[in-house]
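Student: just coords:
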């Protein structure tokens, strides 16, 4: 993230913080950021990706799957064709399979688009999250 794209999305107030070209910090609602565009919109996108990752960490995969589906529509369509009846976000197994399919997507002749490059950062974080082994309560050390 560049210095001009500082973002923080609060679940309570939905305020996005961003820096203008002069380095001044501003706060704006998520709705205002959509309308304003520029650095405010970029900050909102960054905050949305962070929130999608956080939600995925809590078993709510829809937002992250939607972001990946927008960035990799051919992969999403192929997944839905191959696994008819499954959603890309319905459970951890189908979500993980979709994330891995997006990771394996072929680099287009012209290279990754901006959305795909951003989504690939999310993919890396999601793969770490989904591949992390859960420690069973019986395996924890009591102090």
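Tutor: Ah, there it is. Everything numeric here is computed off the predicted structure, so don't read it as measured data.
Student: First-to-last residue distance for stretch 65-80?
Tutor: 12 Å (Cα to Cα, to the nearest Å).
Student: Skipping its backbone neighbours, what lies nearest the residue positioned nearest the centre of the chain in space?
Tutor: In the chain, the residue lying closest to the centroid (Cα atoms, centre = their mean) is residue 49, at 3.6 Å. Leaving aside its chain neighbours, residue 49 sits nearest to residue 122 (5.4 Å; criterion: Cβ to Cβ, 6 or more residues apart in numbering). All C-beta spots, glycine's among them, are computed from the backbone N, C-alpha and C.
Student: Just the buried positions in the strand or helix carrying that neighbour, please.
Tutor: For residue 122, the host element (DSSP states H and E) is helix 114-131. By neighbour count on 16 or more other Cβ atoms under 10 Å, the buried set for helix 114-131 is 116, 118-120, 122-123, 125-126, 130.
Student: contacting residues for the residue nearest to residue 49?
Tutor: Listed by Cβ atoms under 8 Å, 6 or more residues apart in numbering, the contact partners of residue 122 are 49, 52-53, 64, 67-68.
Student: tell me which of these is nearest to residue 78?
Tutor: residue 68 (12.7 Å; Cβ to Cβ).
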